[in-house]
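In: need the 3D shape of this:
(chains A, B, C and D)
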Amino acid sequence: MTLALAATVGALFALGTFLVLREDLVKVVLGLAVLTQAANVYLISMGGITEGTADSVPILAAHGAKAHETADPLVQALVLTAIVISFGMTAFLLTLSYRAYQENGTMNVTEWEQ
Amino acid sequence: MRLSESHTDEPNHEAAVRRWATVTTTIMRTTARVVVPIILVVSISLFLQGHNYPGGGFIGGVLTVAAFTLVYVAYGLDYLEVGVLNRDVDYSAGIYEHRTVSAYRRLFIFGLAVTVGSGLGALLFGEQFLSQDYTYVHLPLFGEVELASALVFDLGIFCVVVGGLLLIFSVVGAE
Amino acid sequence: MEPQLPAVATAVALPFVAAALTPLLYRFVGEAVGYFGAAIAGLSFVLVVSQVGTEGTVSVQWIPSLEVAVRFHVDGLALLFGMLASGIGVLIFAYSAGYMQGKPNLARFYMTLLGFMGSILGVAFAADLVVLFLFWELTSVCSFVLIGYHTDDDESRYSARMAMLVTVGGGLCLLAGLLVLAAAAEMAGVEAFNLAAMLADSASVAAQLKEVGLFVPALVLVTIAAAAKSAQVPLYFWLPRAMVAPTPVSAFLHSATMVKVGVYALGRFRPLFHGVEWTLLVATLGLATMTVGAVLAVRARDIKELLAYSTASHLGLMVAGFGFQTHYGADAGVFHLLNHALFKAALFLVAGIVTHQVGTRNVEELGGLARDLPVTAAITGVAALSMAGIPPFNGFYSKELLFEAAWETAVANGDLAWLYPATAALASVFTVLYSLRFLWLFLGDRPDSVGSVSRPSLALLAPPAVLAALVAVLSVAPHLGIEFVVQDAASATAVEPVEVHAALPLSVSGPALMSLGAIAVGVAIFPAYGRLQGRLDAAHGATTRLHPTVLYGRVLTATDEASVRLSGFVHNGLIRTYAWWTLLAACGLVLAGYVTAAVGLPTPLAVETSVAMVLVLAVSVLSAVAVAATDTHVTGVLTLGILGFMVAIFYILASGPDLALTQLVVETLLLLIFLLALEEMPAFYGELEWDVAAKDAALSIAVGVTAFVSVLLTAPSGDGGLTETAGEYVERAVPDGGGTNVVNVILTDFRAFDTLGESIVIVLAALSVLVLLAMRTRGETQ
Amino acid sequence: MIATHLAPLVTAADLTSRVVDGALVFVALLCLLCGYRVIRGPTIPDRVVALDAIATNVIAIAVLFALKTDRGLFVTISIVLAIIGFLSTVTVAKYVTEGDIITRGNE
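Out: Numbering: from 1, shown residues only, chains lettered A, B, ... in the order given. Predicted structure coming up:
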């Protein structure tokens, strides 16, 4: 499991980085989205991934249910907010790219006038 | 809902009403009519049950946003103003002056205030900033009901998410 | 007797408080603020003197988790140094009030001078490595401002920067050395940053240092720091340059404070590093500086330059004294610390008077001033003879102690160790020469170029007179000073019991003969002073390429050029370049960290694998590849959609229903916002440039490998259970949060502050979009 | 020993779990196939339909996981996705046909 996860996170980070370094602003935003997903998967894998069972869900069956079998709720809480925030950031970056395109007339950052 | 007919004879309004018919297909509009209330109900239920089941302010918030964007996609940006609230819209004005946009702005400011306020409320009880508490209340029909102060905090989050994201959608969509 | 915390803390803090008040006060009283400074210095002085005789450590906690405390250690050495700084400070402030009349920027001047004095007092009493370092660097910063007093003068700015670079560079060495010391102390079971405890247990700390092989590095680092601060060879070049400062500053910096800080630190650390390596490094360094400084002082034509090189030379004497292992060395260092401060401050102030009254600082244009300035001449006589080490003046006693230390070391070690006394004697010859030359300003013929000279005011004359009187008192009755504080101070720097003695030698001995010889030769050569200067000039000219100033200039120019070239390469205005280099550096650092920490990869690489999850992850990677490879925007966004769905499935399989829910809804919204933005933008990408792409691909692979290795190394294998924090949250969710959805309870109850911050991020994003789109024309129309 | 011999080779619970695991792998494979269609296209409608199919697969996986863990709350996910899943399809369709997703006023 760890190996597959590590390979996935590594590949996603590599591809995200490659996209972020492109000239095209939309590709940069896409790259940041990929990087976000990679970071989220990394965070979740830091909590340790166990085979899904009735106890592994961090929502206790009842008040007072035994609790030590659950998946790590802390990383889930972190990722939950990260998802929503990354959406806000992506929207902002898209708007920024759009405005940059409007001002400069091109999506290519290397063609911008100083 | 205000059902006053006072604005309907203005040309702008009529043009908008006519336009809805051409914005999307009838299938789309009918589906939206059916689905949007369901999404809203689900999102509110997710928001309310958040403390004990999957859900909470963030999820309820984004689901509500999805419902509203569905309305936008199906009927256009002004439908909520003109079609639902029967208000007039000044089309020449910028999006910043748009009433829904300022409503969303007020909504997330309200959300932020509620969030911080719930934190300050804890100070009144001599607790630390943002610490929460809960109690059980006996209601006649429902039996024991848990009342958590965290719900107020979650409401703030809900409002922030709904207000902030819908603001983004309406502003970007108006471009 | 235990020292009192309020007294010590007030003595250190008072100058800083006063410095903060100075600009305000300046508005009301104007130039008289100098007397306010003198009063503050006087108060500090009284407080320090009140602690004489006490010894011990007082502390207030500052960063308890790191064992950093504001800790003051009071002993003889600290008191001596503190008394010099504050006592001479009183005179300097009083003198400045007269000297600086009508000069600009006085508020800043006095403020910095007060801050400077406070930091010196801080260095003197600091018993915590962090506090010591802070005060140490503060002295460098204050001296930068003081040396650069004439801000509109290039020379002044250049000198200030040079002093700053050298002393702060030395300070960085000190930081490194102190960290090594702290680590060793912690290993030896002593409180990490507690200097006093470290010195109390110096033997075990030193043993620990030797055990881990860091003794010599720590010694060298501390010595470099002290050498930079105390103008030792080859870092002395900033000192004469610093003479561009107003005379009171020169007098203060070079007699009692700034340059003594390094010497003081060596005295402080002497018990810790005591040993053969110490002598080899420190004594050699000191004697070399003593000789070079004295030779350069003889060559100097400017009286302040002469005094500056002489200061370097005398600092060398003190350093050499501390360098010798015998207790005579400690005696010499400490006693000369006191003597030098007194006579050198007096001489600087005299130089100021001469400049002020005559208008020139050129040695060759001055002479025979005794008739015009009789009191000044008397002061100079006492101070210069003390500087020359002529018996029975106090400078003689401390120099004699150094000779004894050198002689004893030579006798004990033989052979090359005889170079120590030989060098010391040679340096003394030159010391006698330039001291006499300084005295000759007042004797000899009065050149015609010197016009009418008016008498200096009392404000200018009183401070050097006080200092000269002290020199005279110490000369007649050295035991007064020794009993008062020198004995205690020497004990603090020595490892064995110390008995400081100061008396005229009555019997024939090696050291006595050295003194006699040095004085005799010096007096004999003095008539040929001009010819000697000529010779030295020739030698100086022949070795220009090796001068530290030239080397400094070359290093500075080279650094300048290299940074221009580097910034053209790394900092080319394209943010992609910055990202490229930053990511590369981050990857390099992370991987290097793993390699140096020698972490091994976990042995069971493939833990129990769920086929479904592996498939899902594979699809997600494939879709990411497709995102990178697509050529239209819409395709890219749709393929990104697969990635989003796959990650959502991953969340489901990882038992995170909340995450999957949020991810799925957000995925839909993300598609929507992308399409909304894309409908306004061109649909196709530009051409891919292959050379750029290859470079970026290389970096991407590096980033990917780093992430891969990081996950392998840090992710838990899966059966280790929850972390302590997460386990506690799960335990407390129902009783404290009242909810069974632990994730939501964490968001709203346990970590609500984080959630609040995150909601603010959303608000900011929304506001930014609003400003970018809806309000874009506002600034232009108004 | 005798008891084990007499017990059925596969218990009912065991069978369910194996079937569910197998189904999870199967649906994941379906995702792979749909992913191929999204990536290769060739037209945008192709991609959108394939993406919609992936969304349906996600619904299936959520339900299967609910079965596997015996926790009904995963069904919530499938319900929510089922309700809003068509939103993205509609959006893309509007983008392709009209080029304007959210209309405003008299444009």
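In: return the distance of residue C:36 relative to residue C:48.
Out: 19 Å (C-beta to C-beta, to the nearest Å). C-betas here are computed from N, CA, C, even on glycine.
In: the closest residue to residue C:47 other than its chain neighbours and chain A, how far apart?
Out: Computed as C-beta to C-beta, 6 or more residues apart in numbering or on different chains, the closest residue to residue C:47 that is not its neighbour in sequence is residue C:11, at 3.9 Å. According to C-beta to the nearest C-beta, to the nearest Å, residue C:11 and chain A sit 50 Å apart.
In: quick one: what helix or strand has residue 74 in it?
Out: Using chain A here. helix A:73-104 (DSSP states H and E).
In: correction: the question concerned chain D.
Out: With DSSP H and E as criterion, residue D:74 is part of helix D:73-97.
In: repeat that for residue A:34.
Out: helix A:25-46.
In: ditto for residue D:25
Out: helix D:12-40.
In: Three-state assignment for residue 53, please.
Out: Here I'm looking at chain A. At residue A:53 the chain is in coil, as set by DSSP: H, G, I helix; E, B strand; the rest coil.
In: I was after chain D.
Out: Relying on three-state DSSP, one would call residue D:53 helix.
In: contacting residues around it?
Out: Residue D:53 makes contact with D:30, D:34, D:37, according to C-beta atoms under 8 Å, 6 or more residues apart in numbering or on different chains.
In: how near is it to residue D:32?
Out: 12 Å.
In: right, and residue C:722 touches residue C:716 too?
Out: No: with contact defined as C-beta atoms under 8 Å, residue C:722 does not count as touching residue C:716 (9.6 Å).
In: quick revisit: could you list every helix and strand in contact with the one helix or strand the residue nearest to residue C:47 maps to?
Out: Counting by DSSP H and E, the element that carries residue C:11 is helix C:5-29. On a contact count with 3 or more C-beta pairs under 8 Å, 6 or more residues apart in numbering or on different chains; DSSP states H and E, helix C:5-29 meets helix C:33-50, strand C:56-63, strand C:68-74, helix C:106-125.
In: what's the third one in contact with?
Out: Pointing back at strand C:68-74 there. So strand C:68-74 is in contact with C:3, C:5, C:8-9, C:12, C:51, C:54-63, C:125-128, C:130-131, C:193-196, C:199, going by C-beta under 8 Å, 6+ apart.
In: buried ones from those residues, can you make that a PyMOL selection?
Out: This is the PyMOL syntax for the buried subset of the contacts of strand C:68-74, where burial follows 16 or more other C-beta atoms under 10 Å in any protein chain shown:
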select buried, chain C and resi 3+8+9+12+51+54+55+57+58+59+125+126+127+128+130+131+193+194+195+196+199
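In: how about a markdown table for the helices and strands packed on helix C:5-29, with mean pLDDT and distance to residue C:764 added?
Out: Shown next, in a markdown table, are the helices and strands packed on helix C:5-29 (pLDDT from 0 to 100; distance: least, C-beta to C-beta, whole Å):
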| stretch | mean pLDDT | distance to residue C:764 |
| --- | --- | --- |
| helix C:33-50 | 90 | 47 |
| strand C:56-63 | 80 | 33 |
| strand C:68-74 | 82 | 36 |
| helix C:106-125 | 91 | 40 |
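In: where does chain A have low pLDDT?
Out: A:1, A:62-69, A:113-114 (pLDDT under 70).
In: can you name the residues that contact the closest residue to chain B within it?
Out: As assessed by C-beta to the nearest C-beta, chain B sits closest to residue A:91 within chain A, at 4.7 Å. Applying C-beta under 8 Å, 6+ apart, we find residue A:91 in contact with B:165, B:168, B:172, C:673, C:765, C:769.
In: next one: phi and psi at the fifth one?
Out: Its backbone dihedrals place residue C:765 at phi -60, psi -40, with angles given as degrees, to the nearest 10.
In: okay, now the residue nearest to it when sequence neighbours are not counted: neighbour count?
Out: The spatially closest residue to residue C:765, leaving aside those adjacent along the chain, is residue A:88, at 3.6 Å (C-beta to C-beta, 6+ apart). When neighbours are defined as other C-beta atoms under 10 Å in any protein chain shown, residue A:88 has 25 of them.
In: now do the same contact list for residue A:88.
Out: Residues near residue A:88 by C-beta under 8 Å, 6+ apart: B:164, B:165, B:168, C:761, C:762, C:765, C:766.
In: how many residues are close by the last one?
Out: The number of residues packed around residue C:766, counting by other C-beta under 10 Å, is 26.
In: now do the SS call for it.
Out: Reduced to three states with three-state DSSP, the structure at residue C:766 is helix.
In: pretty sure it contacts residue B:168?
Out: Yes: contact criterion C-beta under 8 Å: residue C:766 and residue B:168 qualify, at 5.4 Å.
In: pick out the residue nearest the middle of chain C.
Out: Centroid-nearest residue in chain C, with C-alpha atoms, centre = their mean: residue C:171, separated by 2.8 Å.
In: apart from its chain neighbours, what residue comes closest to residue 97?
Out: No chain in the question, so chain A it is. residue A:25 (3.9 Å).
In: um, chain C though
Out: residue C:34 (3.1 Å).
In: circling back: who's in contact with the residue nearest to the centre of chain C?
Out: By C-beta under 8 Å, 6+ apart, residue C:171 lies in contact with C:133, C:136, C:137, C:140, C:225, C:228, C:229.
In: let's go with 6 Å and repeat that
Out: C:136, C:137, C:140 (C-beta atoms under 6 Å, 6 or more residues apart in numbering or on different chains).
In: name the helix or strand for it, please.
Out: Per DSSP H and E, residue C:171 falls inside helix C:154-187.
In: distance between that helix and the chain's centre?
Out: Between the centre of helix C:154-187 and the centre of its chain there are 3 Å (C-alpha atoms, centre = their mean, to the nearest Å).
In: rounded mean pLDDT for it, please.
Out: Taken as a whole, helix C:154-187 has a mean pLDDT of 90.
In: and residue C:623, how far from chain D?
Out: 6 Å.
In: next one: residue C:475
Out: 94 Å.
In: I'd say that residue and residue C:394 touch.
Out: Yes: assessed by C-beta atoms under 6 Å, residue C:475 is found in contact with residue C:394 at 4.6 Å.
In: the two - which one has more neighbours?
Out: Each of residue C:475 and residue C:394 has its neighbours counted (other C-beta under 10 Å); residue C:394 has more, 30 against 22.
In: isn't that one right up against residue C:472?
Out: No: counting by C-beta under 6 Å, residue C:394 stays clear of residue C:472, with 8.6 Å between them.
In: state the mean pLDDT of stretch C:376-388.
Out: 90.
In: buried stuff in it?
Out: Those would be C:376, C:377, C:379, C:380, C:381, C:382, C:383, C:384, C:385, C:386, C:387, C:388, for stretch C:376-388 by 16+ other C-beta under 10 Å.
In: turn these into TSV, columns for secondary structure.
Out: Below are these laid out as TSV (three-state DSSP):
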residue	secondary structure
C:376	helix
C:377	helix
C:379	helix
C:380	helix
C:381	helix
C:382	helix
C:383	helix
C:384	helix
C:385	helix
C:386	helix
C:387	helix
C:388	helix
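In: closest to chain A among those?
Out: For the buried residues of stretch C:376-388, the nearest to chain A is residue C:387 (62.2 Å; C-beta to the nearest C-beta).
In: pull the contacting residues for the closest one.
Out: Per C-beta under 6 Å, 6+ apart, neighbours of residue C:387: C:343, C:395, C:435.
In: the residues you listed: which ones sit near chain D?
Out: When C-beta under 6 Å from any C-beta of the partner chain is applied, no member of the contacts of residue C:387 is adjacent to chain D.
In: from those residues, which land in helices?
Out: C:343, C:395, C:435 (DSSP state H).
In: redo the residues you listed as TSV? Include neighbour count and pLDDT.
Out: Output for the ones in helices among the contacts of residue C:387, formatted as TSV (neighbours: other C-beta atoms under 10 Å in any protein chain shown; pLDDT from 0 to 100):
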residue	neighbour count	pLDDT
C:343	32	90
C:395	30	88
C:435	28	91
